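Chemist: Pasted the sequence and its predicted model underneath.
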2 protein chains.
Amino acid sequence: MPTEEKTRPDADAASRMHATKQRLIGAGLQMLLKHGYNDTGIQALLAATGTPKGSFYHHFRDKEDFALQVLDNYMAAVHDALDACLQDASRPPLARVRDFFETTQRSYREEGYMGCLIGGLGQELSGISDVFRSKIAECFAAIAERIAGCLEEARERGEIAGDCDPRAMADLLVDCWEGAALRSRLERRPDALNTMLDFYMGAVAAKGEVATSTEAVAPTMGRR
Amino acid sequence: MPTEEKTRPDADAASRMHATKQRLIGAGLQMLLKHGYNDTGIQALLAATGTPKGSFYHHFRDKEDFALQVLDNYMAAVHDALDACLQDASRPPLARVRDFFETTQRSYREEGYMGCLIGGLGQELSGISDVFRSKIAECFAAIAERIAGCLEEARERGEIAGDCDPRAMADLLVDCWEGAALRSRLERRPDALNTMLDFYMGAVAAKGEVATSTEAVAPTMGRR
DNA sequence: CAATCGGAATAGACCGGTCGGTCTAATCGA
DNA sequence: TCGATTAGACCGACCGGTCTATTCCGATTG
């Protein structure tokens, strides 16, 4: 493993985690995705997993600590997906970025189009908890940072305009994705996600220039 | 007033509304924006407005009914802003659309960058309540519908590509806006909103063609 | 190898507080 | 006078969290 990040939570930590704790975090992800934070009850979580209360408060300080750990777990999975998609040097950078979001979209479908946990908790809690607000802002920043790296590559290769700011474009992409994810949650279908991706890819792709890539990046645009 | 819509809730209804009910809805908007639905307590609302419980349950069936009415009120304000911004036939259609979102952004600032109530409630409740889910989907659809009308005008005038689907582009704009609104809520600043607007306007504007408009639509792009 | 020790983990009764909602009575205003 | 509205005591349910008791299981012994 290359020394790519200073301190990213071990993606492999799950394997060393106690089975009960893993069960709680797994079920917690589903419940937090569907119900949000305030409507997720500890009792309901324990009932759903057949866990006694003592175990929960042995593994977690309190509900907030629990949700933060679920979020860490979620972020680890996101970073795994980023690793899997963005590091394939044989593909054009822009196609790799698109691949990441298509992978993400697939995971949304598997969860019944409940959208993104980060966005969900961010929307619900950023008004009342600075802990969550800053944590979630950091999550988005971390994702955007990695995408920005890939966009920088794309810029150097002439896939996107040479005078654009990759980091700003990455932030923008993440933001728009979250909006489309909310819409897909409301509609229980992925259309908004696809439309958004097509639009973005079509808009950033440097047109009529060298564009060495033969891989199609934005098949259609502006049509649902 | 022109017969523009079949049945849109009377924007002027507030003036005929009982003072107590108005107070509750006004305070409810602030509380729902900041705390979300589940963390907004009836008791806290009553304490904040100095209202006895009897009054609340006289004017509202229950908490859900209350939140839906706050949402109706919010939507009426949105439609007012749409009226004010989109109907000025003397300005280019695309500039009118941009004007609406800049007006919206101003109102976000006034509320301390708490983002959009529709998006907030949508994110929090769409997983557990079909009432809210469909209601909020309709809210977005209604907004997109009106923007689509303006985009259609823009298309006819050649401000945007002739072969694009105005309705899809309007949905997309609303979705991306919501995503940027979440980011602006997390960061307590409007940057993400501006970046998103600039990017969208720059991307849809038909380039190098007739483009009769002399009004700048997207001053900068891709820079924060 | 068996006995045992001790912390980790499980188990669930229990607690005070707050939740949304109900009910009856008093008061207001046309 | 009479319905609309205000007033607030009251309710059962459930919330997150605490506490003590028990069980589990690997390390430490003789």
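Modeler: On my side now, so go ahead.

Chemist: which parts of chain A sit against DNA strand D?
Modeler: A:T40, A:G41, A:I42, A:Q43, A:A44, A:K53, A:G54, A:Y57, A:D62, A:K63, A:E64 (C-beta under 7 Å from any atom of the strand). C-betas here are computed from N, CA, C, even on glycine.

Chemist: Go again with 6 Å.
Modeler: Contacts of chain A with DNA strand D, taken as C-beta under 6 Å from any atom of the strand, map to A:G41, A:I42, A:Q43, A:A44, A:K53, A:G54, A:Y57, A:D62, A:K63.

Chemist: Report the buried members of these.
Modeler: Neighbour-count burial (16 or more other C-beta atoms under 10 Å in any protein chain shown) applied to the residues of chain A next to DNA strand D gives A:I42, A:K63.

Chemist: Which residue ranges of chain A form strands?
Modeler: Assigned by DSSP state E, the strands in chain A number zero.

Chemist: where do the helices sit along it?
Modeler: Taking DSSP state H, the helices of chain A run over residues A:19-35, A:42-49, A:53-59, A:63-86, A:93-110, A:117-125, A:130-156, A:166-187, A:191-204.

Chemist: Turn the ones you listed into CSV, including distance to B:L125 and mean pLDDT.
Modeler: Shown next, in CSV, are the helices of chain A (distance: least, C-beta to C-beta, whole Å; pLDDT from 0 to 100):
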stretch, distance to B:L125, mean pLDDT
helix A:19-35, 10, 97
helix A:42-49, 17, 97
helix A:53-59, 26, 97
helix A:63-86, 18, 98
helix A:93-110, 18, 98
helix A:117-125, 10, 98
helix A:130-156, 18, 98
helix A:166-187, 10, 98
helix A:191-204, 18, 97
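
Chemist: JSON lines please, covering those and showing distance to B:A192.
Modeler: Shown next, in JSON lines, are those (distance: least, C-beta to C-beta, whole Å):
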{"stretch": "helix A:19-35", "distance to B:A192": "23"}
{"stretch": "helix A:42-49", "distance to B:A192": "33"}
{"stretch": "helix A:53-59", "distance to B:A192": "36"}
{"stretch": "helix A:63-86", "distance to B:A192": "19"}
{"stretch": "helix A:93-110", "distance to B:A192": "18"}
{"stretch": "helix A:117-125", "distance to B:A192": "12"}
{"stretch": "helix A:130-156", "distance to B:A192": "10"}
{"stretch": "helix A:166-187", "distance to B:A192": "5"}
{"stretch": "helix A:191-204", "distance to B:A192": "15"}
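
Chemist: Between those, which one is closest to chain B.
Modeler: Evaluated over those, closeness to chain B peaks at helix A:166-187, with 2.6 Å, by C-beta to the nearest C-beta.

Chemist: picking up where we left off before, just curious, which of the residues of chain A next to DNA strand D is nearest to DNA strand C?
Modeler: A:G54 (2.0 Å; C-beta to the nearest atom of the strand).

Chemist: contacting residues for the closest one?
Modeler: By C-beta atoms under 8 Å, 6 or more residues apart in numbering or on different chains, A:G54 lies in contact with nothing.

Chemist: Distance check, it against A:I42.
Modeler: 12 Å (C-beta to C-beta, to the nearest Å).

Chemist: Please apply the same query to A:A161.
Modeler: Distance of A:A161 to A:I42, computed by C-beta to C-beta: 50 Å.

Chemist: go on, A:V70?
Modeler: Distance from A:V70 to A:I42, by C-beta to C-beta: 13 Å.

Chemist: Neighbours of A:I160, how many?
Modeler: Counted with other C-beta atoms under 10 Å in any protein chain shown, residues neighbouring A:I160 total 25.

Chemist: who's in contact with it?
Modeler: Shown in contact with A:I160 (C-beta under 8 Å, 6+ apart): A:L94, A:L151, A:A154, A:M169, A:V204, A:A205, A:A206.

Chemist: residues in contact with the nearest residue to A:S129 once chain neighbours are set aside?
Modeler: Leaving aside its chain neighbours, A:S129 sits nearest to A:E64 (7.7 Å; criterion: C-beta to C-beta, 6 or more residues apart in numbering or on different chains). Taking C-beta under 8 Å, 6+ apart, we find A:E64 in contact with A:S129, A:V131, A:F132.

Chemist: again with A:P190
Modeler: Each residue near A:P190 by C-beta under 8 Å, 6+ apart is listed here: A:Q105, A:Y108, A:R109, A:Y113, A:S184.

Chemist: Out of those residues, which end up buried?
Modeler: Using 16+ other C-beta under 10 Å as the burial test, the contacts of A:P190 include A:Q105, A:Y108, A:Y113, A:S184 as buried.

Chemist: ok, back up a step: quick one, which of the helices of chain A is nearest to B:I143?
Modeler: Ranking the helices of chain A by distance to B:I143, with C-beta to C-beta as the measure, places helix A:166-187 first at 11.9 Å.

Chemist: okay, now the closest residue to A:V97 other than its chain neighbours: neighbour count?
Modeler: Of all residues not flanking A:V97 in the chain, A:C150 sits nearest, at 5.2 Å (C-beta to C-beta, 6+ apart). By other C-beta under 10 Å, the residues close to A:C150 number 22.

Chemist: Tell me how far A:D99 lies from B:S55.
Modeler: 56 Å.

Chemist: Same question for A:D163.
Modeler: 60 Å.

Chemist: who's more crowded, those two?
Modeler: The neighbour count for A:D163 versus B:S55, taken as other C-beta under 10 Å, is higher for B:S55 (16 against 9).

Chemist: From the contacts of A:I160, list just the buried residues.
Modeler: A:L94, A:L151, A:A154, A:M169, A:V204, A:A205, A:A206.

Chemist: you'd agree the fourth one is up against A:A203?
Modeler: Okay, so that is A:M169. No. A:M169 lies out of contact with A:A203 (C-beta atoms under 8 Å); the separation is 9.8 Å.

Chemist: Find the nearest non-adjacent residue to the residue nearest the centre of chain A, please.
Modeler: Closest to where the C-alpha atoms of chain A average out (C-alpha atoms, centre = their mean) is A:V78, at 5.2 Å. Closest residue to A:V78 apart from its sequence neighbours, by C-beta to C-beta, 6+ apart: A:I143 at 6.4 Å.

Chemist: go on, A:G28?
Modeler: Nearest residue to A:G28, sequence neighbours excluded (C-beta to C-beta, 6+ apart): A:V70, at 4.5 Å.

Chemist: How about A:F101?
Modeler: A:L197 is the one closest to A:F101 (C-beta to C-beta, 6+ apart), at 5.6 Å.

Chemist: That neighbour reaches A:E102, doesn't it?
Modeler: Yes. A:L197 is within contact range of A:E102, at 7.5 Å (criterion: C-beta under 8 Å).

Chemist: higher neighbour count, those two?
Modeler: Taking neighbours as other C-beta under 10 Å, A:L197 and A:E102 compare with A:L197 leading, 22 against 14.

Chemist: residues contacting that one?
Modeler: A:R98, A:F101, A:E102, A:W177, A:A180, A:A218.

Chemist: Could you pull up the residues touching the nearest residue to the fifth one once chain neighbours are set aside?
Modeler: With C-beta to C-beta, 6+ apart as the criterion, A:A180 has its nearest non-adjacent residue at 3.9 Å, and that residue is A:M196. Contact criterion C-beta under 8 Å, 6+ apart gives A:C176, A:W177, A:G179, A:A180, B:L172, B:D175, B:C176 as the residues in contact with A:M196.
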